[in-house]
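Visitor: Generate coordinates for the sequence data below:
(chains A and B)
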There are 2 protein chains.
Amino acid sequence: VGKKVLHIGLFGLGTVGEGVVELLLRMENENKDYELILEKIAVKHLKKQRSVSTPPHLLATDPREILENPGIDTVIEVIGGVNQSKEIILQALRKGKNVVTANKALLAREGELIFNEAVRNNCYLGVRASNNAIYRLAESLVFSPFKMEKLIGIFNGTSNYILTQMEEEKEDFSSALKKAQAIGYAEQDPSEDVDGYDTANKLIVLVGLVFGYFIPLESLFIEGIRKISYEDVLFAKELGFKIKLLAIAQRGGEELEVRVHPALLPGNEGLAQLDGIENGVEVRDEIGVEVGMQAPGAGKYPTAMAVLEDLVCIANGRRSSFPWQEKRLNLKKMDEIKTKYYLRFNVLDRIGVLAKISGILGNHNISINSVIQKGRGRGVNNTVPIIMLTHEAKEKDIQSSLQEINSLSVVREESLLIRVEEGIC
Amino acid sequence: VGKKVLHIGLFGLGTVGEGVVELLLRMENENKDYELILEKIAVKHLKKQRSVSTPPHLLATDPREILENPGIDTVIEVIGGVNQSKEIILQALRKGKNVVTANKALLAREGELIFNEAVRNNCYLGVRASNNAIYRLAESLVFSPFKMEKLIGIFNGTSNYILTQMEEEKEDFSSALKKAQAIGYAEQDPSEDVDGYDTANKLIVLVGLVFGYFIPLESLFIEGIRKISYEDVLFAKELGFKIKLLAIAQRGGEELEVRVHPALLPGNEGLAQLDGIENGVEVRDEIGVEVGMQAPGAGKYPTAMAVLEDLVCIANGRRSSFPWQEKRLNLKKMDEIKTKYYLRFNVLDRIGVLAKISGILGNHNISINSVIQKGRGRGVNNTVPIIMLTHEAKEKDIQSSLQEINSLSVVREESLLIRVEEGIC
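Guide: So this is what the prediction gives:
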């Protein structure tokens, strides 16, 4: 058999695009049983200063130079965004070209459409780079005959870095965020990362690959980390937990629970050990086998590398497999979930406050596991924080008791709720 | 396209074989786009009591009922051992049957022969079960265009369980081993596990899959955990380390360093967190991307599940890929390796002993980072342990100084050396 050659068109020359070009150049002189030839790069600005130097004839501003070039068989999309990328990917697939994309936001919204188009045109659709090396695990899960029962993951490096900073430097959210922005871990508009959307996108793609269908983004419960103070991180630590922004998917019979929010994880859990920009995932299948995986959460090379792995798969004649399922599990409503809760009340330091709060919780069938009340007259207006860890309770009951507690005159700020996750076991 | 059907012959109905049968039965009524039909099981004893009940007509004692049955296209080998399994696997491949095996001892010795036979006959050779879920990582590494630079792994659940017991219960090796045997984590003859051979087999298979050739077992440095006392585990902890039985492979230019031995790992390293029978691996590639993975180290279901994943790959038309390499790296000699060392000397409690030992180390260009000397007159004959952590030194120099130190009259037991590993970074 002859050497397999891929003729590649690249859309986008930002950080990831530059990484892809660098790695392709680096491979050029190595002796492989396949060849990856970069034919054309579509960019917005021809003259922009870049960290890799590419021969000018490779650059083009008109997407058609790739999409309508029959000599190009494989398209890489790393421009990001949703509308333009969608058009590029669909057109490439309709022309019979293989597609490799890092675009989790697009896949989370249009995954079904895009995978269907790939199947219809018998093209390879490579999505490894949409969730970096976490995909390595997803890929092998696709070949497990037994379904995933539970998955928990840390999918956003920026948020994880910020939470680690809050713990280690006793910094508030906003100053930890500023530090993350200063060293390039967070965007100027950090919402995608810290409000949980990036995590949600990745979760939808992963659940899609494993379960064979895409959950609508709108149906997901998504909460970010903005309300967490470093005191919460330290109180959690005192109670034996770490606070992490988690992606959670859990199957129970014909119901599927999928949510993104910060959670207290037992300190000895694998994911609790992941600090800084690291990402990780733990999965338990229906037989009870548990596996875990960690990988860098972001960065030029990890993402570019994942793109290259997809190219190698194409060169090796692999076909992307998407285990399409018509039958879908019901999504569990957030109101119905049951878990333990960490609660922080900011109250005036008066006699009887604790009794009042515990009374309300008791009326809603919520029993308290432990309480931390320390210091006196801290915070504005002589408030003190009261921390409670509850036993298992229903989300609905917690929400209605918090509403009641927030309306007490001694409660001076909205109370904070963080859910507790037991971990994978 | 029609439904893909595999007709399976199973060799061996021990723990793993029973697990495979159980999982196949469990899948029977599920609607998949492939069908796995168990046609025949070759066993030694027809009438043996087993935990799964199989229809008697499935059982046979003559291997030819599988190997010479043209209706069977896929063979699972889970009998273990080396000679008989080798014959079964080679014969099956020569008959054009796909083979799935969990036999790491055989693969470590005859991997090259077996993979060549599979390629020659265009058969799938599935080896996922030889290293449980760790293979998930190896599989994705095969598709990385960039080579692994370093790998460290905990591949033996029994040894890891024993080391954890020694730390947590302050038990000696022999009583921790007895406990492991009592609960079924260790065999009556534990040598394969605690002397490092099982780890070495798995390492050879993993390095083979990633680098494209098999290293001769005889060329590997292999050391087990028998000499480690629980005091060593506690001294290591005091110095900020955990002792783990490690598989290490590291590339440096055209040289490859491959070894199996206990090592001190920094306590904050990912693998240092793995307690009990868990296995794990961390890999860094030449671009500097680091990934890690954990999975159960042993057990009926994890191994049986890995077998089933290979079956699903066959049913999905995947081809096993072995990136065969003619060009091989030189193996670094153990004498030439450089690392830091933990040393334990058992000496008479006399003035000047410490000076004498440090003098000898100094003469061999070994400089000392830290020393622990505690208590008085502990141990037999009024000996005390002196613990030293060295700066980086050459194995050769350490070995010759230990020889010299062991011949001192004040040194009453053979001194212990444990290598220090920095971790994956």
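
Visitor: which parts of chain A sit against chain B?
Guide: A:23, A:27, A:30, A:32, A:36, A:133, A:136-137, A:139-140, A:143-146, A:270, A:273, A:285, A:287-296, A:301-302, A:305, A:308-309, A:311-313, A:316-319, A:321 (CB under 8 Å from any CB of the partner chain). C-betas here are computed from N, CA, C, even on glycine.

Visitor: Now the buried members of these.
Guide: Using 16 or more other CB atoms under 10 Å in any protein chain shown as the burial test, the residues of chain A next to chain B include A:23, A:27, A:36, A:133, A:136-137, A:139-140, A:143-146, A:270, A:273, A:285, A:287, A:289-296, A:301-302, A:305, A:308-309, A:311-313, A:318-319 as buried.

Visitor: Go through those and flag which are in strands.
Guide: Within these, residues falling in strands by DSSP state E are A:Leu36, A:Asp285, A:Glu290, A:Val291, A:Gly292, A:Met293, A:Gln294, A:Ala295, A:Pro296.

Visitor: between the residues you listed, which is nearest B:Ala355?
Guide: Nearest to B:Ala355 out of those is A:Gln294 (CB to CB; 45.7 Å).

Visitor: mind checking pLDDT for that closest one?
Guide: Here the pLDDT value assigned to A:Gln294 is 87.

Visitor: just checking, it touches A:Glu282?
Guide: No. Look at A:Gln294 against A:Glu282 with CB atoms under 8 Å: they stay out of range, at 9.8 Å.

Visitor: check contacts around the residue nearest the centre of chain A.
Guide: Against the mean C-alpha coordinate of chain A, by CA atoms, centre = their mean, the closest residue is A:Thr199 at 2.3 Å. A:Thr199 makes contact with A:Gly153, A:Phe155, A:Asn156, A:Ser159, A:Ile222, A:Leu245, A:Leu246, A:Ala247, A:Val260 under the criterion CB atoms under 8 Å, 6 or more residues apart in numbering or on different chains.

Visitor: Kindly report the same for A:Lys48.
Guide: Contacts of A:Lys48 by CB under 8 Å, 6+ apart are A:Leu13.

Visitor: Would you tell me what helix or strand it is located in?
Guide: Using DSSP states H and E, A:Lys48 maps to neither a helix nor a strand.

Visitor: Model confidence for it, exactly?
Guide: A:Lys48 is given a pLDDT of 88.

Visitor: likewise A:Gly9?
Guide: A:Gly9 is assigned a pLDDT of 98 by the prediction.

Visitor: Break down the stretch 101-250 of chain A into its helices, ranges please.
Guide: Applying DSSP state H, counting those that start in this stretch to the stretch 101-250 of chain A gives helices spanning A:104-120, A:134-142, A:157-169, A:173-182, A:191-194, A:197-211, A:230-238.

Visitor: For the fourth one, buried residues please.
Guide: Spelled out, that is helix A:173-182. A:Phe173, A:Ala176, A:Leu177, A:Lys179, A:Ala180.

Visitor: In CSV, list the C-alpha atoms belonging to stretch A:144-161.
Guide: The C-alpha trace of stretch A:144-161 is given here as CSV (Å, rounded to 0.1, in the frame of the first residue of the first chain):
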residue,chain,number,x,y,z
SER,A,144,-17.5,-0.1,25.8
PRO,A,145,-20.6,-2.2,25.5
PHE,A,146,-21.8,-1.0,28.8
LYS,A,147,-23.1,2.5,29.4
MET,A,148,-21.7,5.2,31.5
GLU,A,149,-23.5,5.4,34.8
LYS,A,150,-21.9,8.6,36.2
LEU,A,151,-19.4,11.1,35.1
ILE,A,152,-17.9,14.0,37.0
GLY,A,153,-15.4,16.3,35.4
ILE,A,154,-13.4,19.5,35.8
PHE,A,155,-13.5,20.9,32.3
ASN,A,156,-12.5,24.6,32.7
GLY,A,157,-8.9,25.4,33.5
THR,A,158,-9.6,29.1,34.1
SER,A,159,-12.1,28.5,36.8
ASN,A,160,-10.0,25.8,38.4
TYR,A,161,-7.0,28.2,38.5
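
Visitor: Looking at chain A, which residue reaches furthest from the middle?
Guide: For chain A, the residue at maximal distance from the C-alpha centroid (CA atoms, centre = their mean) is A:Ile351, at 43.9 Å.

Visitor: Distance check, that residue against A:Glu404.
Guide: 20 Å (CB to CB, to the nearest Å).

Visitor: same check, this time on A:Asp198
Guide: Distance from A:Asp198 to A:Glu404, by CB to CB: 34 Å.

Visitor: Neighbour count for the two, which is higher?
Guide: Neighbours were counted for A:Asp198 and for A:Glu404 using other CB atoms under 10 Å in any protein chain shown; A:Asp198 has more, 26 against 15.

Visitor: In contact with that one: list those residues for me.
Guide: Contacts of A:Asp198 by CB under 8 Å, 6+ apart are A:Lys104, A:Ala105, A:Phe155, A:Asn156, A:Thr158, A:Glu192.

Visitor: Next one: the nearest residue to the last one once chain neighbours are set aside from A:Glu22, what distance?
Guide: It refers to A:Glu192. Using CB to CB, 6 or more residues apart in numbering or on different chains and skipping the chain neighbours, the partner closest in space to A:Glu192 is A:Asp198 (4.9 Å). Counting by CB to CB, the gap from A:Asp198 to A:Glu22 is 24 Å.

Visitor: Can you list the low-confidence ranges for the stretch 1-150 of chain A?
Guide: Low-confidence regions of the stretch 1-150 of chain A, defined here as pLDDT under 70, cover residues A:1, A:132-143.

Visitor: Try it again at 80.
Guide: Applying pLDDT under 80 to the stretch 1-150 of chain A picks out residues A:1-2, A:29-32, A:132-147.

Visitor: what about A:Arg328, helix or strand, and which?
Guide: Taking DSSP H and E as the definition, A:Arg328 sits outside all helices and strands.

Visitor: how about the strands of the stretch 1-150 of chain A, start to end?
Guide: Using DSSP state E, counting those that start in this stretch, the strands of the stretch 1-150 of chain A run over A:4-11, A:34-42, A:59-60, A:74-77, A:98-101, A:125-126, A:148-154.

Visitor: So which elements touch the fourth one?
Guide: In this structure, strand A:74-77 makes packing contacts with strand A:4-11, helix A:83-94, strand A:98-101, helix A:300-315, judged by 3 or more CB pairs under 8 Å, 6 or more residues apart in numbering or on different chains; DSSP states H and E.

Visitor: Just name the most buried of those.
Guide: Neighbour counts (mean count of other CB atoms under 10 Å in any protein chain shown) averaged over each of these peak at strand A:98-101, with a mean of 27.

Visitor: Each with direction, which strands does that strand pair with?
Guide: strand A:74-77 (parallel), strand A:125-126 (parallel) (DSSP bridges).

Visitor: Outside of the longest one itself, list whatever touches it.
Guide: Read it as strand A:74-77. Residues contacting strand A:74-77 (CB under 8 Å, 6+ apart): A:6-12, A:17, A:20, A:66-67, A:85, A:88-89, A:92, A:97-103, A:307, A:311, A:314.
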